[in-house]
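Colleague: Okay, predicted coordinates and the sequence, questions at the end:
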Amino acid sequence: MPLLRVDLLTLLDNCKHVLAFLQNLDIDVLGIPDHILNQCCEVIITKSKNTVIIPRAIFESSQNRLLPKMFELKTRLYTCIPRDLATARSLAKLSGVYTIALRADTVRLIDENEINLLTQVKVRKFIEVHLYSFIELLKHEDKRISLERLLHFLGETIERALRRDVPVIVSSASPRLDQTLHPNQMDVLLFLLGFTKRERRMMLEVYPMELLSTWREWR
């Protein structure tokens, strides 16, 4: 049985790029920013007969405002970016269905204590890896950042979450058409990080579909 090809978060910022992506790549489930869907909904729906389109949005969480309003959470699937450790801890405990973004700038916030909190909640919380933020560091060398150490933290965090049955999903989160990853490419990157076939399938197919099911039921 063929695997589902799922990318729950692309950050393509115009209709032409989204349409080109849909026309050139074979994909089953695709997350698109909600403002792009509003701009060209009919065209996208027409061109994506074989693709399920999910409205996505990003929210930068802080102690001043941790989450979007409830009606916003129910109309689009949010990924929340914690700006500090206290915010990450709070996001692990709140009600509602959203993902907690694991990016190059938040990887140190999703630590062992955060994973422990995520195992204690009644409604499952999902960690969403934004791969593009890590790939960007390959192109722009920054002596202040050790890429090797950062990737070590990423792999260690994912392994810790999977061991504790905290669901992890992997999205490309690419804002540019020429750098948007196909799920097959994401699979290769996870393989290079040392994850087994079963673990990769969980992150690229099983957990994303669980997230969508949980979100739809909660709405």
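Modeller: Cool, the structure landed. Numbers count the residues shown, from 1 in each chain.

Colleague: Any regions of this structure where pLDDT drops low?
Modeller: 1-2, 139-145 (pLDDT under 70).

Colleague: one more time with 80, if that's ok
Modeller: Within the chain, the stretches with pLDDT under 80 are 1-3, 43, 45-49, 137-148.

Colleague: And the helices in it?
Modeller: 15-24, 34-47, 70-75, 85-91, 112-118, 131-139, 147-163, 183-192, 197-201, 207-218 (DSSP state H).

Colleague: tell me the most buried of those helices?
Modeller: Per residue and on average, the most neighbours among these fall to helix 85-91, with a mean of 19 (mean count of other Cβ atoms under 10 Å). Placement of C-beta: from N, CA and C, glycine included.

Colleague: Who are the packing partners of that one?
Modeller: strand 52-61, strand 77-82, helix 112-118 (3 or more Cβ pairs under 8 Å, 6 or more residues apart in numbering; DSSP states H and E).

Colleague: who's in contact with it?
Modeller: Helix 85-91 has contacts (Cβ atoms under 8 Å, 6 or more residues apart in numbering) with 61-63, 66-67, 80, 82, 98, 100, 106, 109-110, 113-114, 117, 125.

Colleague: Ok, stretch 165-175 next?
Modeller: Taking Cβ under 8 Å, 6+ apart as the rule, stretch 165-175 contacts 7-13, 31, 99, 102-103, 115, 118-119, 124-133, 158, 161-162, 180-181, 186, 190, 202-204, 207-208, 210-211.

Colleague: measure stretch 10-26 end to end?
Modeller: End-to-end span of stretch 10-26 (Cα to Cα, to the nearest Å): 15 Å.

Colleague: what does it rub up against?
Modeller: Looking at stretch 10-26 with Cβ under 8 Å, 6+ apart, the contacting residues turn out to be 5, 30-33, 36, 39-40, 43-44, 47-48, 51, 58, 132, 171-177, 180, 182.

Colleague: just stretch 110-127 next, same as before
Modeller: With contacts defined as Cβ under 8 Å, 6+ apart, stretch 110-127 is touched by 88-89, 91-93, 95-100, 102, 157-158, 160-161, 164-169, 207, 210-211, 214, 218.

Colleague: Disregarding flanking residues, what is the spatial nearest neighbour of the residue nearest to the spatial centre of the chain?
Modeller: In the chain, the C-alpha nearest the mean C-alpha coordinate belongs to residue 128, at 3.6 Å (Cα atoms, centre = their mean). Of all residues not flanking residue 128 in the chain, residue 99 sits nearest, at 3.6 Å (Cβ to Cβ, 6 or more residues apart in numbering).

Colleague: beta partners for the one you found?
Modeller: Taking DSSP bridges as the rule, residue 99 bridges to residue 79, residue 126.

Colleague: what do you get for residue 60?
Modeller: Residues in beta-bridge contact with residue 60 (DSSP bridges): residue 81.

Colleague: ok, it touching residue 79?
Modeller: No: Residue 60 lies out of contact with residue 79 (Cβ atoms under 8 Å); the separation is 10.2 Å.

Colleague: Looking at these two, which has the bigger crowd around it?
Modeller: Higher neighbour count among residue 60 and residue 79: residue 79, with 25 against 11, using other Cβ atoms under 10 Å.
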